[in-house]
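[1] Just the structure for this:
(chains A and B)
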Amino acid sequence: MAHILPKRVYYTIFAILMFCTYLTVQIAFFDLGVLNTIAALGIAVFKATLVVLFFMHLKYSPRLTWAVVLGSIFWFGILIALTMSDYLTRAWRTYG
Amino acid sequence: MPDAAPHHTAVAGLHPGLAHHFDSVEQQTEATTLGMWVFLGTEVLFFGGLFLVYAIYRTWYPDAFSAASHELDVTLGTINTAVLITSSLTMALAVHAAQLGQRRLLMVFLILTMILGAAFLGIKSLEYYHKFAECPGPACHVPGPAFQFEKAHVRHAQIFFSLYFVMTGLHALHMIIGVGIMTWMLVWAWNGTITKEYYSPIEISGLYWHFVDIVWIFLFPLLYLIGRHGH
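    Numbering: from 1, shown residues only, chains lettered A, B, ... in the order given. Below you'll find the model as predicted:
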């Protein structure tokens, strides 16, 4: 039978997600240069990870499910990494 | 009222929700859940293409993107993020209620999820309305012939707003489909199709809902927050 989580897990995750939303909005108002993007994406990845692990029960899912999830992220990584490695190394292009 | 599960042939002694090609309800739940994750994998790449385009143009035109982002309503964006995260909580609690066979509670949480989903769409429509109401005019930020922006960024800001409307529009379409799925699940909860043993329809509907939430978790900072400082 399925792993049934106690309700307090969901409330805790919800509270962390809300706090992270508050945090990401606050950080956005400070000029941190490139760190703004890193912080925004870092917090977004952290929030998404919590949703996937607990709300979507991945933490308690079989390994095959883990393979599909990590595989999806990996393919998305290829899409971004290969394309950006091209676009970011076009030295002849002027940015801005 | 739709038939409870028309494609499931009931076999004496077995759960009515168990399709004949599965050995057990557990196996069926595992298979349907895996199938949903595979679908969500295709969704990652579906949205991924748009995130890629965003990444390319933002690295090319960071100043225009920052200035254009500043024209979005960060308050409404933040409220909508909170609304969507809350809807994910009610969805998770709906799955929890389904697992315990609490039919009434399941229905309550499904309805709450739908209300929050509709609230998100309402706020989003309001934002769209504000944008379209400015056209034609000096603050028209809807891509097209009437588009206006400070001269230095006018062409590149249009790319930002095109991405804004396409990405949030596609996300909103997923939300509308999600509310539709919840309506369907509400009927199944109400007519007793969903039971403690056969709750996988709620589980996989939940996976879809949480996925759409995750897309927004990335859209919100990338669209609304990048231009907050320095403008």
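[2] For stretch B:174-189, give me every contacting residue.
    B:1-2, B:4, B:98, B:103, B:106-107, B:110-111, B:113-114, B:117-118, B:120-121, B:194, B:201-202, B:205, B:208-209, B:212, B:215 (CB atoms under 8 Å, 6 or more residues apart in numbering or on different chains). C-betas here are computed from N, CA, C, even on glycine.
[3] Let's see which of the residues you listed end up in helices.
    Judged by DSSP state H, the contacts of stretch B:174-189 include B:98, B:103, B:106-107, B:110-111, B:113-114, B:117-118, B:120-121, B:201-202, B:205, B:208-209, B:212, B:215 as members of helices.
[4] what's near enough to touch residue B:73?
    B:127, B:130, B:224.
[5] pretty sure residue B:54 contacts residue B:163?
    Yes. The pair residue B:54 / residue B:163 is scored as a contact, 5.4 Å apart, by CB atoms under 8 Å.
[6] Show me where chain B dips below the pLDDT cut-off.
    Applying pLDDT under 70 to chain B flags the ranges B:1-13, B:230-231.
[7] any chance you could map the strands in it?
    Taking DSSP state E to define them, one finds no strands in chain B.
[8] buried subset of the contacts of stretch B:174-189?
    B:4, B:98, B:103, B:106-107, B:110-111, B:113-114, B:117-118, B:120-121, B:194, B:201-202, B:205, B:208-209, B:212, B:215 (16 or more other CB atoms under 10 Å in any protein chain shown).
[9] Show me where chain A dips below the pLDDT cut-off.
    Applying pLDDT under 70 to chain A flags residues A:1-2, A:91-96.
[10] Mind naming the longest helix for chain A?
    helix A:63-87.
[11] ok, and what's touching that one?
    Helix A:63-87 has contacts (CB under 8 Å, 6+ apart) with A:52, A:58, B:33-34, B:37-38, B:40-41, B:44-45, B:48-49, B:51-52, B:55-56, B:59-60.
[12] hmm, try it at 7 Å
    Under the contact criterion CB atoms under 7 Å, 6 or more residues apart in numbering or on different chains, helix A:63-87 has outside partners A:52, A:58, B:33-34, B:37-38, B:41, B:44-45, B:48, B:52, B:55-56, B:59.
[13] Now flag whichever of those residues is closest to residue A:31.
    Residue A:31 lies nearest to residue B:59 out of the contacts of helix A:63-87, by CB to CB, at 18.6 Å.
[14] For chain A, what lies in contact range of chain B?
    Neighbours of chain B within chain A, by CB under 7 Å from any CB of the partner chain: A:1-2, A:4, A:7, A:10, A:14, A:17-18, A:21, A:24-25, A:28-31, A:36, A:40, A:44, A:47-48, A:51, A:55-56, A:62, A:64-65, A:68-69, A:71-72, A:75-76, A:79-80, A:83-84, A:87-88, A:95-96.
[15] Not counting sequence-adjacent ones, nearest residue to residue B:106?
    residue B:97 (4.1 Å; CB to CB, 6 or more residues apart in numbering or on different chains).
[16] Surely that neighbour touches residue B:107?
    No. Counting by CB atoms under 7 Å, residue B:97 sits too far from residue B:107 to count as a contact (8.5 Å).
[17] Those residues of chain B touching chain A, which are they?
    Going by CB under 7 Å from any CB, the residues of chain B near chain A are B:26, B:29-30, B:33-34, B:37-38, B:41, B:44-45, B:48, B:52, B:55-56, B:59-60, B:62-63, B:78, B:81-82, B:85, B:88-89, B:92-93, B:96, B:99-100, B:207, B:210, B:213-214, B:217-218, B:221, B:225, B:228-230.
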